[in-house]
Structures are given as C-alpha cells and as structure tokens.
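Q: Here's a sequence, model it:
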Amino acid sequence: MADVAIVTDSNSGISVEEGRAMGVTVIPMPVHINGKIFYEGLDITQKEFYDRLIEGADVATSQPAPGDLLDVWNRLLGQHREIVYIPMSAGLSASCATAQVLAEDFEGRVQVVDNRRISVTQRHSVLDALALARQGLDAAETKRILEEQAMDACIYITVDTLKYLRKGGRVTGVEAVAGTMLNIKPVMHVDDEGHLTKVGTARGRNASLKALVDHMAETAIDPAGQTVFISHGDCEEDANKVAEDVKRRFGVQTVVLNNVGPVIGAHSGPGTVALFFLGRHR
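A: A predicted model of the protein is given here:
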C-alpha cells in the first residue's frame, strides 16, 4: 500500500486530467450558472465561463459537496495509508473548514492543510507535498511543513471593474460607483489570515498593472532567481504587459502565465490580473 495520497481542488489551476498525470487527485470546484451546476474543467471551459459572465449570467460558486469529498477520501484510503488534502485558503472559502470537520472522523489518516494559498501558490503547495511524500514523510509532517511555509508566497491582485467585488460585498455600492466614475482600480493582496485585503488604489488600468510590480519591488526575495507566475481573467494581453515589466525591472528569466479559474473569477470578474512571487511577507 502506498503511503500518502495528495488531493487538492481545481482552484489550484490543476485540472483533473493534469492531476492524474501528476499523481494528484483533483476535486473539481462547482460553479452555478443560471441555476445549473457546472464543474470546473469537466463540463465548462474557462473561456466559456468568462463569456457567460460577460453576458450577465447569474453566477455563484460553492464548495464541493461533503459526500463527494468523503467518497474520494474513502476510495483513496483503500489504496493509501494517509491523505494530505490541500483546498483553497480558509479565508476565501468554507470548503477548508468543512474538510477539517470531516477529517476528524478519520483518526488522523486525513490531514487538511490550510496554508492560506490560492491558485498558483496552491499549486506550489501541491508540488511541495508530492516531493515530501516521495521523501517518505507522513501526512502530519507534510501538513506541518506546508503550513510553516505559508508566508513564503506573495499574491497581489487588481481588477478591471468593481462590479463583481460589489456583488460579493467586498466593496460598497458607493465605492463601486465612485471608483467607476474616477477610473479607480483597487490593488489587493492575500493577508496573513488568507483573506483578500485592499492595499492601495491606482488611477487607470495601466497604473494598476504597474502597481502590482511596484509591490513586488518592495517585497520580493531574490526576484531574478525565481519563477514568477501571473494569472489572468481572460485578459492575456494585460498579463503579458505585467510579465514584460517584471522581466525588465528585475531580470526575471521565467514568467509563467495561466488563467484565473471560475471560483475566483466569479468574484473578481474578467480583467483580473494576479502576480505571484516569493516575498518577505504577504
């Protein structure tokens, strides 16, 4: 029997198919569109999702059904001694807290990690967990190391419209109207508790994209020596602008672009750009 199975959700940016090739089990995150449920990467593409969002569809997200999660865990525990489950940050979704409660019935065989990460940084945690499992570490020790590394990942985010943040209650109606009139764009990051917090504003799109890189200049550790990731919500051209700025200012050789998935995109909207790197603090 293999020792430790690694499980995550599709918010990590890892598809079910890609996870299978990596040796990781991926739980597809559900998204509700006009009352119908879809599963990320299974029956809706990211392009289709953003098209529906722009069309004005009624979109909502939810956590994986507890029964589905239990089915996956029970199946894997027939093949593995233990499980490390890495969901998206508890500060942004109830799915982590739900999983922690469910895991209590497994007498330590299921370890739920909350290292306050989302998207690409969550993917990094999965890769780290795989490496630790191959070194022979058990699930509890893997969880401890991943949570100790929580502060290593910095995420700065900007959005092109306040419409979706307003819908989710992250900005008030007054802030949304004023911001739209004045072309004000928020700059946010994921704080120490895993919550999305505003750290500044910029006037205009280009200024907000530059602000992401300015924050990297203030906090990055050895930027030239690390791989930098940029996630975008159906705005690859703007993501490439940020990538070129990062390369020019810091001498970074490798910048990887990927997409902001439906779970985050439903709350941030098309035009979201997120910059990920290793930093001194979040």
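Q: now the one helix or strand V263 maps to, how far from the chain's geometric center?
A: When elements are assigned from DSSP states H and E, V263 belongs to helix 262-268. Per CA atoms, centre = their mean, to the nearest Å, the displacement of helix 262-268 from the mean C-alpha position of its chain is 10 Å.
Q: moving C-terminal of it, what's the next helix or strand?
A: According to DSSP H and E, the helix or strand after helix 262-268 is strand 273-278.
Q: average model confidence for that next one?
A: pLDDT averaged over strand 273-278 equals 92, rounded to a whole number.
Q: Please name the residues that touch V4.
A: By CB atoms under 8 Å, 6 or more residues apart in numbering, V4 lies in contact with 80-84, 133, 137-139, 142. Glycine gets a C-beta too; all of them are placed from N, C-alpha and C.
Q: L278 now?
A: Under the criterion of CB under 8 Å, 6+ apart, the neighbours of L278 are 152-154, 220-222, 226.
Q: Which of those residues fall in strands?
A: Of the positions in the contacts of L278, 153-154 sit in strands, assigned by DSSP state E.
Q: Quick check: of the contacts of L278, which lies closest to G35?
A: Set against G35, the nearest of the contacts of L278 by CB to CB is A153 (35.6 Å).
Q: Quick one: neighbours of that closest one, just the number.
A: Burial of A153, expressed as a neighbour count using other CB atoms under 10 Å, amounts to 22.
Q: so what's it bridging to?
A: When bridges are taken as DSSP bridges, the partners of A153 come out as L278.
Q: S268 versus that one, what's the distance?
A: The span separating A153 from S268 equals 18 Å under the rule CB to CB, to the nearest Å.
Q: ok, which stretches of the stretch 1-150 of the chain are helices?
A: All helices of the stretch 1-150 of the chain, identified by DSSP state H, counting those that start in this stretch, fall at 16-22, 46-54, 66-77, 95-103, 119-134, 139-148.
Q: highest average neighbour count across those?
A: Burial of these is given as mean neighbour count (mean count of other CB atoms under 10 Å); helix 119-134 ranks first at a mean of 20.
Q: Alpha carbons of stretch 119-139, in CSV - could you do that?
A: Coordinates of the C-alpha atoms in stretch 119-139 are reproduced here as CSV (Å, rounded to 0.1, in the frame of the first residue of the first chain):
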residue,chain,number,x,y,z
SER,A,119,-4.4,29.5,-7.5
VAL,A,120,-0.7,29.2,-8.5
THR,A,121,0.5,29.3,-4.9
GLN,A,122,-1.9,26.5,-4.0
ARG,A,123,-0.4,24.6,-6.9
HIS,A,124,3.1,25.1,-5.5
SER,A,125,1.8,23.6,-2.2
VAL,A,126,0.7,20.5,-4.1
LEU,A,127,4.1,20.1,-5.8
ASP,A,128,5.8,20.5,-2.4
ALA,A,129,3.5,17.9,-0.9
LEU,A,130,4.3,15.5,-3.7
ALA,A,131,8.1,16.0,-3.1
LEU,A,132,7.7,15.5,0.6
ALA,A,133,5.6,12.3,0.1
ARG,A,134,8.4,10.9,-2.2
GLN,A,135,10.9,11.6,0.6
GLY,A,136,8.8,9.4,2.9
LEU,A,137,7.3,12.0,5.2
ASP,A,138,3.9,11.1,6.7
ALA,A,139,0.8,13.2,6.2
